[in-house]
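[1] with the input below, show me the fold.
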Amino acid sequence: MSFEQKHPPILDASSPLAGLVIAWAHQRAKHGGFRATYVHVLQRAWLIHGAHHIRRYVKQCVTCVASRARPATQLMAALPQERVSPSPSGRLFQRTGLDYAGPFMILPAKESKRTTKAWVAVFVCLASKLIHLELVGDLTTESLLGALERFSGRRDHPSEIWSDNATHFHRADLEIREVFARQNVTNQLAEQGTLWRFIPPGAPHFSGL
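    Purely as a prediction, here's the structure:
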């Protein structure tokens, strides 16, 4: 052993010089933690109460703190019951999500040469994610009601429809309630009324489709 190793300098661990030795040792140890830093400190000096100051330095090292940081985890709310459980009757599309896709440029007829805009009404079964598509010519309430009528003719009347806060959806909801009120001839038809639910504005992820 060399003379420096047999007789290392004795420093007060709280002194500025001891702080420089600890910083050098920690860099030399490649941020390896307390034990690796302590070994390199002993190669240069003997620190009085050095273990406490070395632990504190390693604990406060910015690089070490960043390397020990835990990755953030996304907090997810529980899925709505309508999306994870089948409908009580067991049929599809009893709880339905509705949105528009488009616009698309289409030819309204085979002999037509001029394209027009069209949209697709996308009906999604919340439980099974089965998709039903209906073509609509514009964003008017009449077109939406026509798509709902064709959809109901194929899939039966849904008990719930989930959609965003589009204006034509709100108007359709009012008109559908009026239609069901006029068709309220028997109790059975009255029980087939569709409940229209709207997700919060600017939050399309609420529908989960």
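[2] need the longest strand for this structure.
    Longest strand of the chain, by residue count under DSSP state E: strand 95-106.
[3] can you find the helix or strand in the chain with the smallest mean pLDDT?
    Least confident helix or strand, the chain: helix 187-190 with a mean of 39, by mean pLDDT, DSSP states H and E.
[4] ok, then the element right after that helix?
    Note on helix 187-190: by DSSP states H and E, the next helix or strand toward the C-terminus is strand 195-198.
[5] which other helices and strands contact that next one?
    If you count contacts as 3 or more CB pairs under 8 Å, 6 or more residues apart in numbering; DSSP states H and E, strand 195-198 packs onto strand 160-163, helix 167-182. (Glycine included, C-beta is placed from N, CA and C.)
[6] buried ones in it?
    Within strand 195-198, the residues scored as buried using 16 or more other CB atoms under 10 Å are 196, 198.
[7] pairing partners for that strand, with directions?
    Sheet pairing for strand 195-198, assigned by DSSP bridges, gives strand 160-163 (parallel).
[8] residues making contact with the strand it pairs with?
    With contact meaning CB atoms under 8 Å, 6 or more residues apart in numbering, strand 160-163 is reached by 82, 94-99, 126, 169, 194-199, 207.
[9] how far out from the middle of the chain is it?
    20 Å (CA atoms, centre = their mean, to the nearest Å).
[10] related to what we said a few turns ago, rank the helices and strands packed on strand 195-198 by pLDDT, which is bottom?
    Lowest mean pLDDT of the helices and strands packed on strand 195-198: helix 167-182, a mean of 56.
[11] in this protein, which spans are strands?
    Under DSSP E, the chain gives strands at 10-12, 46-48, 95-106, 116-125, 131-136, 160-163, 195-198.
[12] quick one: list the elements packing against the second one.
    Here strand 46-48 touches strand 10-12, helix 16-28, going by 3+ CB pairs under 8 Å, 6+ apart.
[13] by contact count, what packs against the shortest one?
    It stands for strand 10-12. Secondary elements touching strand 10-12 (3+ CB pairs under 8 Å, 6+ apart): helix 16-28, strand 46-48.
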